[in-house]
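Student: Turn this into a structure:
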Amino acid sequence: MFCKVLLDTFPKVTFLGYIDKAKKGDDIHHLNEIREIKFDQILILSANHFDSIYSEYSRVVPLTKLVKVQVINNTYKFSTKWKILRERIYTLPKKVRMKLLSFLVFFLEKTNYQRKGIVFISKSFIGNNSKALFVNVSQKSKQVSLLTDNLVQLNKLKSKGFNVQILDSCRAMWKIASAKTVIQDQGNFTEPLKALSSKQITIQMWHGVPLKRMNRMENITYDAMISTSDYVNDTSLADVIVSRKYFNYGYPRNDLLLKEHDAEDLVLCDMELYDLAKSHFTKGSKVIVYMPTHRESATSIDSTPPPLIPLNFESLDLSLKKLDARLIVKLHPFVKQFQDMHMPKKGYENIHFHSAEGDIYPLLKYTDILITDYSSIYFDFLLLDRPIIFFSYDYEEYSSNMNGFVYDYESFAPGSKVKTEKELVAEIEKQVNGEDKHRTERKFVRDKFYTYQDAESSSRICEEFNLLN
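Tutor: This next block holds a predicted model:
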């Protein structure tokens, strides 16, 4: 999609192809072939791995030819040599921290230090799986801490008494080096993990069953990968995450769909909307959650981005009122910023917007209908065996942009597929009135994707890795 936006904006630009280590194709080149090609610039678009890519490319390509591309407020922004170098000056502490981490790991090995405790690492934001397992372990053990650079979430957890530390700190390096077990559910903090001792245990939980295709993360091998079934391992996750062992114990966040919640389970939740959903669900009013995934097609170059969701929220609000239904919308942060420009100050009567980084999983327990498109959340929602509507208005464009899906969309997205607001409202009305034609399909997919269908995922993980001892 970035290539399309680039060429549409700058029609005189000639696009020569992509650089990729693993893939092959007529327009795909390996880095060691670049010297043989005449080009002006290499554009690097990577939210999480720019530094490592830049360092690798800079050994082969002049710095003047490397351009950093970032997505800021739905627009692509470009940085060239001197701006990149100015930014990288501020990454010097990161290099210092890495050297400190390596030294601490080496020192602890030489002194036969008995490592103990568990460290959760959450870069950029605290994922649902990490939060759920961290809270569970924290209730039973004092030897657990969470490291994050998301200061808003950090302060919220700290205010509730949880042991949370700043990720970009020397103290965090000590925590990582001295921990017996290191756990994460993202792939954007792998370099420090490669410095750990072989005596330490690294666990990757990931953040959902992948529907979209992803490149294989070959830069690190974990000791354990938490998955949901052998089928998921064989068909997707094992092709993305390299691990010595795979455990089909289920996702900790999904325990929150099936269990009764205590106060700790609700940390980072939007409590106003949680209470609203629970109240309406309990009294019989329908609660609907809409969670679309982010689309690169809503990103432009130095101009106002195009609308992302083809919905007229004012007319949709009136339709929901007639059906006595409440719609809770949780958008990607980019989409939320765009939507704020068009939302009336008084808001809507029956449509509510959930915080972008909040934990919505406890709220899903009190949700009658899920509306989504290609987000992996629908796999989680299958555990509740409730209707799912797929608002896939841009299926052809999106699937093409993602080079297709890991799983066949028609076979593994068990619910009604709609493309317009009129079709969506009609389908909501059917579901509100009790029509549910996809129970058999939901069971078929659920049984393939989940070995366990209970609220004991965290307990299984804790027992397997002795997290409470």
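
Student: Identify the residue nearest the geometric centre of the chain.
Tutor: By C-alpha atoms, centre = their mean, the chain has its centre lying nearest to residue 207, at 5.5 Å.

Student: wait, it sits on residue 131?
Tutor: No. Shown here, residue 207 and residue 131 do not form a contact pair, counting by C-beta atoms under 8 Å, at 11.0 Å. The way it works is simple: take the backbone N, C-alpha and C, and place the C-beta from them, glycine included.

Student: Show me the helices in the stretch 251-400 of the chain, by range?
Tutor: In the stretch 251-400 of the chain, the helices defined using DSSP state H, counting those that start in this stretch lie at 252-258, 271-283, 313-322, 333-340, 361-364, 377-381, 395-401.

Student: got CSV for those, with mean pLDDT too?
Tutor: CSV is the format used below for those (pLDDT from 0 to 100):
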stretch, mean pLDDT
helix 252-258, 98
helix 271-283, 97
helix 313-322, 95
helix 333-340, 58
helix 361-364, 98
helix 377-381, 97
helix 395-401, 82
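
Student: Going along the chain, name the helices of the stretch 1-150 of the chain.
Tutor: 2-9, 50-57, 81-89, 92-110, 128-138.

Student: want to throw the ones you listed into JSON lines with mean neighbour count and distance to residue 469?
Tutor: Below are the helices of the stretch 1-150 of the chain laid out as JSON lines (neighbours: other C-beta atoms under 10 Å; distance: least, C-beta to C-beta, whole Å):
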{"stretch": "helix 2-9", "mean neighbour count": "14", "distance to residue 469": "48"}
{"stretch": "helix 50-57", "mean neighbour count": "16", "distance to residue 469": "36"}
{"stretch": "helix 81-89", "mean neighbour count": "13", "distance to residue 469": "42"}
{"stretch": "helix 92-110", "mean neighbour count": "14", "distance to residue 469": "20"}
{"stretch": "helix 128-138", "mean neighbour count": "25", "distance to residue 469": "11"}
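
Student: and of the ones you listed, who's closest to residue 441?
Tutor: With respect to residue 441, and counting by C-beta to C-beta, the nearest of the helices of the stretch 1-150 of the chain is helix 128-138 at 25.2 Å.

Student: Give the other helices and strands that the closest one contacts.
Tutor: Using 3 or more C-beta pairs under 8 Å, 6 or more residues apart in numbering; DSSP states H and E, the elements in contact with helix 128-138 are strand 118-122, strand 144-148, strand 181-184, helix 252-258, helix 457-464.

Student: For this protein, which strand extends over the most residues?
Tutor: Taking DSSP state E as the criterion, the chain has its longest strand at strand 217-226.

Student: after it comes which helix or strand?
Tutor: Per DSSP states H and E, the first helix or strand lying C-terminal to strand 217-226 is helix 230-232.

Student: Only the buried residues of whichever helix or strand comes after that following helix, if you could.
Tutor: Sequence-wise, the next helix or strand downstream of helix 230-232 (DSSP H and E) is helix 238-240. Within helix 238-240, the residues scored as buried using 16 or more other C-beta atoms under 10 Å are 238, 240.

Student: Contacts for helix 238-240 next, please.
Tutor: Residues from elsewhere that reach helix 238-240, judged by C-beta atoms under 8 Å, 6 or more residues apart in numbering: 210, 214, 215, 216, 217, 225, 246.

Student: quick one: the helix or strand just after it to strand 217-226, angle?
Tutor: Next helix or strand after helix 238-240 toward the C-terminus (DSSP H and E): strand 241-247. Relative orientation of strand 241-247 versus strand 217-226 (axes from the mean of the first three to the mean of the last three C-alpha atoms, to 10 degrees): 10 degrees.

Student: Quick check: can you name the pairing partners of strand 241-247 and their directions?
Tutor: Sheet pairing of strand 241-247 (DSSP bridges) gives strand 217-226 (parallel).

Student: can you tell which of the helices and strands packed on helix 128-138 is closest to residue 26?
Tutor: Of all the helices and strands packed on helix 128-138, strand 181-184 comes closest under C-beta to C-beta, at 36.6 Å.

Student: And the contacts of stretch 34-54?
Tutor: 2, 6, 16, 19, 29, 57, 60-61, 65-71, 76, 78, 84, 88, 91, 94, 123-124, 187-188, 191, 219.

Student: Please report the number of neighbouring residues for the nearest residue to residue 27 once chain neighbours are set aside.
Tutor: Leaving aside its sequence neighbours, residue 27 sits nearest to residue 17 (C-beta to C-beta, 6 or more residues apart in numbering; 3.6 Å). Using other C-beta atoms under 10 Å, residue 17 has 13 neighbouring residues.

Student: circling back to that earlier point, with distance to residue 288 and mean pLDDT as new columns, can the helices of the stretch 1-150 of the chain be given to me in CSV?
Tutor: Converted to CSV, those look like this (distance: least, C-beta to C-beta, whole Å; pLDDT from 0 to 100):
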stretch, distance to residue 288, mean pLDDT
helix 2-9, 32, 78
helix 50-57, 38, 81
helix 81-89, 43, 79
helix 92-110, 43, 90
helix 128-138, 20, 97
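
Student: Please tabulate these in JSON lines, including the columns distance to residue 447.
Tutor: Putting those into JSON lines (distance: least, C-beta to C-beta, whole Å) gives the following:
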{"stretch": "helix 2-9", "distance to residue 447": "38"}
{"stretch": "helix 50-57", "distance to residue 447": "40"}
{"stretch": "helix 81-89", "distance to residue 447": "49"}
{"stretch": "helix 92-110", "distance to residue 447": "43"}
{"stretch": "helix 128-138", "distance to residue 447": "22"}
